[in-house]
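Student: This is a predicted model, with the sequence first.
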Amino acid sequence: MYRVRATYRYQKEDVDELSFDVGEIIQVIEFDDTEDQEEGWLMGVKESTGEKGLFPANFTRPI
């Protein structure tokens, strides 16, 4: 789909979320089930580790 760069640090609050530091690159992917998607949240894979999870879109910007 597309990639984003973290503009803020985010610490996951649930097991299905993704933690990241400022500057990390995340590949945005489609939700397995579109009914799980909440407004303002994206599903992604962190490029540095391959870890997959949800994250708040407003903590990142597209690159």
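Tutor: Right, received. Where do you want to start?

Student: Just the strands from the chain, written as ranges.
Tutor: Using DSSP state E, the strands found in the chain span residues 2-6, 25-29, 41-46, 52-56, 60-62.

Student: average model confidence for the shortest one?
Tutor: Put plainly, it is strand 60-62. Regarding strand 60-62, the rounded mean pLDDT is 98.

Student: what comes into contact with that strand?
Tutor: Outside of strand 60-62, the residues within contact range by Cβ atoms under 8 Å, 6 or more residues apart in numbering are Tyr2, Arg3, Val4, Arg5, Ala6, Thr7, Ile26, Leu42. (Glycine included, C-beta is placed from N, CA and C.)

Student: wait, doesn't the fifth one sit right on Ile26?
Tutor: Yes - using Cβ atoms under 8 Å, Ala6 makes contact with Ile26 at a distance of 6.9 Å.

Student: Which of those two has more residues huddled nearby?
Tutor: Ile26 (26 against 19; other Cβ atoms under 10 Å).

Student: now that one: how far from Ser48?
Tutor: In this structure, Ile26 and Ser48 are separated by 9 Å, where distance is defined by Cβ to Cβ, to the nearest Å.
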